[in-house]
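Asks: Quick one: sequence plus predicted model below, questions after.
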Amino acid sequence: MAIQHFSPALPVPAVSAAYPMAKPGYGKRSAPDQQPRTPHDFALLPARERYIAGFVDHLPDGAAMSVKQLTKQLPLYGQQAIGTSLNALSVAGHLRRVRCPVGTGDETRWAFRTFWSRTARDNAWWTTYLATETAARTATPAAVPQQRTAPEPTSPAPEAPTPATTPAAPAAPTASSAPTAPTVGAAETAGSAGAAGMARSAGTAGMAGTAQKALPAAFSPASRFSPAYLALAELGRKDPRLTLSAHDCTTLEPQAAEWLARGVTTDYLITALTAGLPTHVDCPPRFVRHRLTDKIPPHQPTPHTPPDTNTPPPTRHLLVECTDCGRPGPPQALPDGLCRPCRTTHPTSHHPPADPTQIAAVKAHMANLRDLLKAP
């Protein structure tokens, strides 16, 4: 139990404008639901702890909270004294040091933070708060937006060269160059022949266009045959010694389809059937059937499916660090922010004040010893 100290504490030093800030996501984090700042804050703490607590309380979020940085700003105390004071503030319920994993995938790293509360909290409050997602979101650094670079200016399209002179309009035909008008009979004969020729040309072109449009849909091999059938038909093109007929491809199609069902590609199938051929193949269908049976591959493992992007990210739990030695652990395993060995080394229980009569007796005894030393 803390004892109220009525001796005035040292004035809180002003926070320097150039106080070093931690990296984004590190440093101080203020706990929620704190009481307003008053002149009587930290009145139950000793003078040194009140001095350091007042300085830390005025630091902004994100300020560096290492012992070395605090020592540079508080020249009255050394690193050992400030480290001991931080342990006392942790026991008093004002401070907890935590670490949290940040990043995704293989880029996960540990970020270290210090939660600070002006209002003293007990172990149950700290354990509940640090186990919630609110603390994890508060401790997670904000994503730094990537700087967008200005788009490179596109070169203007080259303008079409303007001709130096405008081409002159074609001259109107003269009377001497105009053709002689045909007779009426010749004109009718020529018109009939031209109409008939145009009709035959249009009909032929229309039939050719219709045949070209209907040919891919009716005679496309990829739409009529399976990949296994097409792979067997391709063997003759790869090596003439394995030329198969349409009947042979249809007969061997189920065996080739079993290869494809095991996860291999058509290129792998063709390569396996055409590799290492003898000089002469007497019966290509029987040879291919034999290879399809003897060289059938094993079942391929199921390919790894990428994780669903709509799945929410896993909850990141905080690990509390021992304020003294930095050993991590769950909040319930580090009461008062200290591990078991550090609690043994630094007992948290305060001894009751000594009896004034005993203090007077000790002073009298020490004065008697000094007088004996001065005697000749």
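Replies: Nice, I can see it.
Asks: wait, R109 sits on P101?
Replies: Yes: applying Cβ atoms under 8 Å, one finds R109 in contact with P101, separated by 7.2 Å. C-beta coordinates here come from the backbone N, C-alpha and C atoms, glycine included.
Asks: Who has more neighbours out of those two?
Replies: Neighbours per residue (other Cβ atoms under 10 Å) separate R109 from P101, with P101 holding more: 16 against 9.
Asks: quick one, phi psi at the more buried one?
Replies: Dihedral angles of P101 (phi, psi; degrees, to the nearest 10) stand at phi -80, psi 130.
Asks: State the distance from the residue nearest to it when sequence neighbours are not counted to R99.
Replies: For P101, ignoring the flanking residues on the chain, the nearest one in space by Cβ to Cβ, 6 or more residues apart in numbering is T108 at 5.1 Å. Shown here: T108 relative to R99, a distance of 12 Å by Cβ to Cβ, to the nearest Å.
Asks: who has more neighbours, the two?
Replies: A count of neighbours by other Cβ under 10 Å puts R99 above the other of T108 and R99, at 16 against 10.
Asks: now the more buried one, what's its secondary structure?
Replies: strand (DSSP: H, G, I helix; E, B strand; the rest coil).
Asks: Please, where are all the helices along the protein?
Replies: Using DSSP state H, the helices found in the chain span residues 47-57, 67-73, 79-92, 123-130, 133-139, 184-219, 221-224, 227-238, 246-261, 266-274, 284-294, 340-345, 356-374.
Asks: Would you mind giving those as JSON lines with distance to D33, mean pLDDT and mean neighbour count added?
Replies: JSON lines is the format used below for the helices of the chain (distance: least, Cβ to Cβ, whole Å; pLDDT from 0 to 100; neighbours: other Cβ atoms under 10 Å):
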{"stretch": "helix 47-57", "distance to D33": "15", "mean pLDDT": "92", "mean neighbour count": "20"}
{"stretch": "helix 67-73", "distance to D33": "25", "mean pLDDT": "90", "mean neighbour count": "16"}
{"stretch": "helix 79-92", "distance to D33": "17", "mean pLDDT": "91", "mean neighbour count": "20"}
{"stretch": "helix 123-130", "distance to D33": "9", "mean pLDDT": "88", "mean neighbour count": "18"}
{"stretch": "helix 133-139", "distance to D33": "11", "mean pLDDT": "56", "mean neighbour count": "16"}
{"stretch": "helix 184-219", "distance to D33": "73", "mean pLDDT": "47", "mean neighbour count": "10"}
{"stretch": "helix 221-224", "distance to D33": "69", "mean pLDDT": "62", "mean neighbour count": "9"}
{"stretch": "helix 227-238", "distance to D33": "66", "mean pLDDT": "91", "mean neighbour count": "19"}
{"stretch": "helix 246-261", "distance to D33": "63", "mean pLDDT": "91", "mean neighbour count": "16"}
{"stretch": "helix 266-274", "distance to D33": "65", "mean pLDDT": "90", "mean neighbour count": "17"}
{"stretch": "helix 284-294", "distance to D33": "74", "mean pLDDT": "92", "mean neighbour count": "15"}
{"stretch": "helix 340-345", "distance to D33": "27", "mean pLDDT": "80", "mean neighbour count": "14"}
{"stretch": "helix 356-374", "distance to D33": "42", "mean pLDDT": "88", "mean neighbour count": "9"}
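Asks: Please consider this matter closed, and thank you.
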